[in-house]
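Q: I'll drop the sequence and a predicted model, then ask my questions.
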Amino acid sequence: MQPQDVAPRPGPAASSSADPVVGVEQAEAALVEHYPRLVRLAYLVLPPGLGRNRRVLTAHALVQRALPRGRASTPVIPAQSTGRDGDPGYAYVRLQVVRTALEAGRPLRLGAWPKRSQLPPLLPQVWGLRLFPRSGGADELALDQRLSALSGPARAAYVLRGLEKLPDGVLRTVLKAAGVDDAEAALREAAGDTDRYPLLDSPEFDPCTLQARPTDLVRRRQHSRAALAAAAAVVVCGALFALPGGGWGPDGAAAPSYAQNPAARAALDPGRLTRVPATAWESSARTDFSVWPARGELADDTALLRRALAVWARPGETVRVSATPGTPSGGPAGPPQLLYAGVVDNARVVILHDGLRIARYAEPKDGTQGAALDFARVDGATGAGAEAVVLGRSDGNVRYLTAPWVRKAAERDLLKPGSGAMAVPLTGGVTSPLATAPQTGACTSWNVLQLTDGSGTRLLSDLGELVPAHLTAGRPGSTGEASGARALRVWSPYACSLASMRSAGVRAVNVWAYAVQPLPDASGSADWVCTRAETWRGGGTRVLAQFHTPGGVYGAVAAKAENVPSCGPRDPHVLAGVLWKSEKDSWYLLAAGSRGTSSVSATGGVAGTARGGLLAVRAEQGARAELKGTLEDGRSIGGLR
């Protein structure tokens, strides 16, 4: 019989005027940036007895409710002031997640009102499906059983030690602030099993990477029959409510609205849209969306703009809504800025900007059925990040709206660096159709948009989102544009790897040729390249180490990782390896480190050491090895994987 969770008594920690304070905006930024980690933390602290499906939904609900109430600043306890990467906002949200996860594990008591965290979450809800993380191996199962045997406070202590790397002094203060009476007892109960800490990062405990299975189909059918009569009554009542207001008429595909406060009405008034003068950018020091003028032949179509704003605020059930990862899809807080309204191919399109997001509303030219609403996060966009927006896609082509300072546009195949660029006409800032990069089948071309303004020429690649990704080349910290002849040659073998970065909210992708390695058996030299994709939300970065041999058209992915500093401005070093077969049918482990690597060693299935940044050791087919590098300053780095 498993011990029950100790019921912690919540109570805030004492704070002083010297403690750091966190506003709702700072806490929201931390929540969005570290959302997957916070949900993992909540999932691990919640009692396993809830079941995997309810733990997933409850973990998401607890994190989404972790923001400070109101707009007043909230003190952070001193021990949490360092937070994650020195962010007090993350420290505050983490404390709220731990506190509410512990509360959710307390049993309900007669005569006492249940806390909100003790009840099943109203939102998020998924009907007809059971969601649960991917199953791990025997080690993950053993860790899950170990966590199940701990009390709630001890489970929180174990997870904060292993996942957040908190020292015991800080951990005591966090547990007390989360309402744990006896933090020392929790620390003692959670002691040991330190070798299992890395398993806390396993997909087994990732509530953001889920599998889905149906619920009880027979019972669901019975319930649906019982609900049919009630649904019919709701439809009749809804029709009666909708008739006087005409909500489905003027607002098109928007859901009906029966009450709005004055601020919400102002945000949905087409007459209050921000319209920037056509020449404002010429005298502004800014090169972002805030100085884009309103363009398009329908920029004065009040009815269209009203429908676009209404759908943004309350999209109807028939509206297809999409958003890049980390992008909120709620209505505008105030009147947004109009960037474009016009006819694009067979649709009427409206592009709006609210300072944080680009919103694209599209409806057919012959009605509003099939309307679509797309969001992309663009906070901090400037320069290349604010030079183009996708207006529409059709028949394998894409049209862009470009910044007013763009002078020329062209189309270039990234796989053919010597083929030159083909000029693309610009009409009112709108490009003619460009061929999109292939989404399925063989990758025989990768077309990108080339834009030229007063400061130079840039390359942008469509990755299936509203804002194309900026392509650069060079060592992290000193990158340059990918439009030069040398950069184009570097990009050519690796262009098709951009397909793995679709729909991930990618802001920019850099490619860096970090090593050249002579191949054994007189087989020539191979190039090692690191490709790093940065996202608009900060987290979710993707890093690929790629290997290109002589005569090969494409580079091969040797290693990949997410959310690591390697190959980036904060840590430009990288080490990767690959098993390679020579023309003489001999297998080798090849590894290469970036400049500044003094030695590379391999252990495990293949053993060997080499001075400098290059290693070549005979190996067996299918062998596995661990790589370790030593930098010139004495620091150790591991192989990317």
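A: Great, that's in hand.

Q: Which secondary structure state is assigned to L338?
A: Here L338 is recorded as strand under DSSP: H, G, I helix; E, B strand; the rest coil.

Q: Beta-bridge partners for it, please?
A: L352 (DSSP bridges).

Q: ok, now the one 10 residues further on?
A: In this structure, R348 bridges to V343, E363 when assessed by DSSP bridges.

Q: Next, count neighbours for it.
A: 22 (other Cβ atoms under 10 Å). C-beta: built from backbone N, CA, C; applies to glycine.

Q: Can you pull out the low-pLDDT segments for the stretch 51-200 of the chain?
A: Where the stretch 51-200 of the chain drops to pLDDT under 70, the residues are 69-86, 107-128, 130, 132, 135-137.

Q: Do a quick rundown of the helices in it.
A: 52-64, 88-104, 138-148, 152-164, 168-177, 183-189 (DSSP state H, counting those that start in this stretch).

Q: Please name whichever of those is nearest to E387.
A: helix 88-104 (30.7 Å; Cβ to Cβ).

Q: Helix, strand, or coil at the most centrally placed residue in the chain?
A: Geometric centre of the chain, nearest residue: P325, 4.2 Å, by Cα atoms, centre = their mean. Under three-state DSSP, P325 falls in the coil class.

Q: V93 against A27, yeah?
A: Yes: between V93 and A27 there is a contact at 5.4 Å, judged by Cβ atoms under 8 Å.

Q: list the residues that contact both of the two?
A: Shared contacts of V93 and A27 (Cβ atoms under 8 Å, 6 or more residues apart in numbering): 66-67.

Q: The two - which one has more neighbours?
A: V93 (28 against 24).

Q: any idea how far the more buried one is from L31?
A: To L31, V93 is 5 Å away according to Cβ to Cβ, to the nearest Å.

Q: which residues are in contact with both of those two?
A: Common neighbours of V93 and L31 (Cβ under 8 Å, 6+ apart) are 38, 63, 66-67.

Q: Run through who's touching stretch 609-617.
A: In contact with stretch 609-617 (Cβ under 8 Å, 6+ apart) are residues 515, 517-520, 575, 577, 588-602, 606-608, 627, 629.

Q: Could you give me the buried positions within that stretch?
A: 610, 613-617 (16 or more other Cβ atoms under 10 Å).

Q: Do a quick rundown of the strands in the stretch 251-400 of the chain.
A: With DSSP state E, counting those that start in this stretch as the criterion, the stretch 251-400 of the chain has strands at 320-323, 337-344, 347-353, 357-364, 372-377, 388-394, 397-402.

Q: Can you tell me the strand partners of the first one and which way each runs?
A: Put plainly, it is strand 320-323. strand 372-377 (parallel).

Q: ok, what's across the strand from A388?
A: With DSSP bridges as the rule, A388 is bridged to T402.

Q: in the longest strand along the chain, what's buried?
A: Taking DSSP state E as the criterion, the chain has its longest strand at strand 506-518. The neighbour-count check on strand 506-518 (16+ other Cβ under 10 Å) flags 506-515, 517 as buried.

Q: Quickly run through the sheet partners of that strand, with directions.
A: strand 469-473 (parallel), strand 525-535 (antiparallel).

Q: For these, give me JSON lines that also has mean neighbour count, distance to P425 and mean pLDDT.
A: Shown next, in JSON lines, are those (neighbours: other Cβ atoms under 10 Å; distance: least, Cβ to Cβ, whole Å; pLDDT from 0 to 100):
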{"stretch": "strand 469-473", "mean neighbour count": "24", "distance to P425": "22", "mean pLDDT": "97"}
{"stretch": "strand 525-535", "mean neighbour count": "22", "distance to P425": "30", "mean pLDDT": "95"}
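
Q: quick one: contacts for the nearest residue to V516 once chain neighbours are set aside?
A: Closest residue to V516 apart from its sequence neighbours, by Cβ to Cβ, 6 or more residues apart in numbering: S525 at 5.4 Å. Going by Cβ under 8 Å, 6+ apart, S525 touches 516-519, 550.

Q: Sort these by pLDDT and name the bottom one.
A: Among the contacts of S525, P550 has the lowest pLDDT, at 90.

Q: Can you tell me the element it falls in?
A: When elements are assigned from DSSP states H and E, P550 belongs to no helix and no strand.

Q: What count of nearby residues applies to it?
A: Neighbour count of P550, defined by other Cβ under 10 Å: 10.

Q: thinking R134 is in contact with T209, fair?
A: Yes: using Cβ under 8 Å, R134 makes contact with T209 at a distance of 6.3 Å.

Q: okay, and the common contacts of those two?
A: Taking Cβ under 8 Å, 6+ apart as the criterion, R134 and T209 both touch P203.

Q: Mind checking which of these two has more residues around it?
A: Applying other Cβ under 10 Å to R134 and T209 shows that R134 carries more neighbours, namely 13 against 10.

Q: residues contacting the more buried one?
A: 203-204, 206, 209-211.

Q: where along the stretch 351-500 of the chain do the helices fall?
A: Using DSSP H, counting those that start in this stretch, helices in the stretch 351-500 of the chain cover 485-491.

Q: In it, where is pLDDT below threshold?
A: Ranges of the stretch 351-500 of the chain meeting pLDDT under 70: 440-441.

Q: Tell me how far stretch 370-381 lies from the chain's centre.
A: With Cα atoms, centre = their mean, to the nearest Å as the basis, stretch 370-381 stands 14 Å off its chain's centre.

Q: Show the pLDDT at A323.
A: pLDDT, A323: 91.

Q: so which of the helices of the stretch 51-200 of the chain is the most packed in?
A: When you average the neighbours per residue for each of the helices of the stretch 51-200 of the chain (mean count of other Cβ atoms under 10 Å), helix 88-104 leads with a mean of 25.

Q: Start and end of stretch 560-577, how far apart?
A: Between the start and the finish of stretch 560-577 there is a gap of 11 Å, counting by Cα to Cα, to the nearest Å.

Q: Thanks a lot, see you next time.
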